[in-house]
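Student: Here is my input; please provide its structure:
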Amino acid sequence: MGIQIIKSFAFCVMIVPVTLGAQDDYYPPETFYGGGVGFSQMFLFQNLGQLEGFEMLGSVGETAGYGLDLTKFANPFMINGGEGFSNITERIRIGGYAGVGTSSIAEKPDITLFLDENTDGVHDESEPISTFDKPPDLQAKISLWFSGATIEYLFPLFRGFEISIGSLFGVGRLNLNVSQSAGSPSWKDQFKPVFQIGQNGYTPIKDANCDGVIDVLDLDYVQKNQFPNFAINSAMTSLSGTFLNVQPYIAVKLQLLDRMGLRMTAGFNAGTINEGEWRTEDRKPILDSPETVLNSMAIRAMLYFGL
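Tutor: As a prediction, the model looks like this:
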């Protein structure tokens with residue numbers, strides 16, 4: 001009888017450590033602190049080329065727009081950046097994110113002019129037409145960058161797997177660049193001097209004022225005009241708007257290895273550039289600029305190194 005009791009007690013002692021070890025593999029410990037940094041990609045499911053105020057990029061006809069195909073802008077819009085996070089308590093985590101993304105389109109449209117003799121805006125067969133010999137090059141690029149802080153509350157499920165809810169708070173900047181040039185650029189065109197420099201500093205001037213006579217008036221004409229050999233054949237528009245950005249989300253974190261894991265977030269990104277907040281390249285405000293709203297679903301994927 002005594003031997004049977006001893007055997008049963010030994011069997012129970014062997015079972016307890018095995019059970020505790022199994023729980024330690026699947027459930028989190030009582031306290032947990034960790035952090036990590038890594039590469040993060042954000043996907044905004046919105047065509048930024050079709051934002052409010054960008055209509056002129058695609059409008060045609062009497063509105064005299066660019067005629068670009070706005071559907072060619074990236075959708076979803078991808079932002080590449082970096083992200084980091086760290087637990088400050090067992091259930092509260094803070095972090096930061098910064099990233100930038102671009103999308104561009106380019107076209108070479110054929111432009112045909114017609115003499116609108118009856119001013120009806122429609123080409124009639126009797127009205128003369130003329131086609132540009134060198135179609136223009138049109139390019140439009142949209143750039144977007146984000147930076148901000150994150151805070152979230154954790155729900156640990158198993159060791160190495162958790163769900164959290166939180167939000168990103170920060171600022172962003174949206175840039176729009178439109179380039180127009182008369183014909184495709186040539187390598188030689190990049191080295192055309194604005195001022196002609198002759199041998200030993202003496203620059204020959206001929207009939208600069210096109211009056212049919214080469215005289216001292218030609219020298220005076222060059223002095224007054226300053227740019228005797230310069231012609232504008234391109235134009236660049238660069239606009240930017242800054243906005244406050246909020247992105248509430250739900251996140252899933254999976255620890256793949258001891259010091260590496262995968263983190264995914266899904267949420268809604270919201271930001272607004274208010275009326276009159278757009279600025280030119282030299283930071284002058286455009287007072288009649290419209291309100292531009294960035295509202296879209298946002299997904300972030302992060303490969304991190306840490307705990």
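
Student: number of nearby residues for I142?
Tutor: 23 (other CB atoms under 10 Å). Where you see a C-beta, it was placed from the backbone N, CA and C, and this is true even at glycine.

Student: Pass me the low-pLDDT residue ranges in this protein, would you?
Tutor: By pLDDT under 70, the weakly predicted segments of the chain are 1-33, 60-64, 183-186, 189-190, 192-198, 226-234.

Student: Am I right that G99 is in a strand?
Tutor: Yes - checked against DSSP: H, G, I helix; E, B strand; the rest coil, G99 lies within a strand.

Student: what bridges to it?
Tutor: Applying DSSP bridges to G99 gives these bridge partners: G81, F146.

Student: what do you get for G267?
Tutor: Bridge pairing for G267 - DSSP bridges - gives Y249, A298.

Student: Let me know whether it touches Q247 as I believe.
Tutor: Yes - with contact defined as CB atoms under 8 Å, G267 reaches Q247; the gap is 5.3 Å.

Student: Looking at these two, which is more packed in?
Tutor: More neighbours surround Q247 than the other of G267 and Q247, with 24 against 19 (other CB under 10 Å).

Student: Confirm for me that the more buried one is in contact with L294.
Tutor: No - with contact defined as CB under 8 Å, Q247 does not count as touching L294 (10.5 Å).

Student: Spit out the residues that contact those two alike.
Tutor: 269-270 (CB atoms under 8 Å, 6 or more residues apart in numbering).

Student: list the buried ones in the helix or strand containing Q139?
Tutor: Assessed by DSSP states H and E, Q139 sits inside strand 137-158. The neighbour-count check on strand 137-158 (16 or more other CB atoms under 10 Å) flags 137-148, 150, 152, 154, 156 as buried.

Student: now do stretch 299-307
Tutor: Buried-residue list, stretch 299-307, by 16+ other CB under 10 Å: 299-300, 302, 304, 307.

Student: So what touches that stretch?
Tutor: By CB under 8 Å, 6+ apart, stretch 299-307 touches 34-43, 45, 76, 83, 85, 97, 249, 255, 259-266.

Student: how about a cut-off of 6 Å?
Tutor: 34-36, 38-43, 83, 259-261, 263-266 (CB atoms under 6 Å, 6 or more residues apart in numbering).

Student: Of the residues you listed, which belong to strands?
Tutor: 35-36, 38-43, 83, 260-261, 263-266 (DSSP state E).

Student: Just the buried ones from those residues, in ChimeraX syntax?
Tutor: Typed into ChimeraX, the next command selects the buried ones out of the ones in strands among the contacts of stretch 299-307 (criterion: 16+ other CB under 10 Å):
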select :36,38,40,41,42,43,83,261,263,265
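
Student: Can you say which two of the ones in strands among the contacts of stretch 299-307 are spatially most distant?
Tutor: G35 and F43 (24.4 Å; CB to CB).

Student: for the stretch 101-250 of the chain, what spans make up the helices?
Tutor: Under the criterion DSSP state H, counting those that start in this stretch, the stretch 101-250 of the chain contains helices at 216-225.

Student: Tell me which stretches of it form strands.
Tutor: 112-114, 129-131, 137-158, 161-181, 234-257 (DSSP state E, counting those that start in this stretch).

Student: And stretch 269-287, how far out from the chain middle?
Tutor: In terms of CA atoms, centre = their mean, to the nearest Å, the centre of stretch 269-287 is found 16 Å from the chain centre.

Student: Likewise for stretch 267-287?
Tutor: 14 Å.

Student: and it, how far apart are its ends?
Tutor: Terminal residues of stretch 267-287 are spaced 33 Å apart (CA to CA, to the nearest Å).

Student: residues making contact with that stretch?
Tutor: Taking CB under 6 Å, 6+ apart as the rule, stretch 267-287 contacts 172, 238-241, 243, 245-249, 289, 291-298.

Student: List buried members of those residues by neighbour count.
Tutor: Buried among those (16+ other CB under 10 Å): 172, 239-241, 243, 245, 247-249, 289, 292-294, 296, 298.

Student: quick check, nearest of these to E125?
Tutor: L239 (40.9 Å).

Student: which residues touch the closest one?
Tutor: If you count contacts by CB under 6 Å, 6+ apart, then L239 has 176, 278 around it.

Student: ditto for Y153
Tutor: Here Y153 is in contact with 91, 165 (criterion: CB under 6 Å, 6+ apart).

Student: separation between E55 and I151?
Tutor: 38 Å (CB to CB, to the nearest Å).

Student: swap in E125?
Tutor: E125 is 68 Å from I151, by CB to CB.

Student: got it, and N177?
Tutor: 34 Å.

Student: now F43
Tutor: 22 Å.

Student: got it, and T89?
Tutor: 11 Å.
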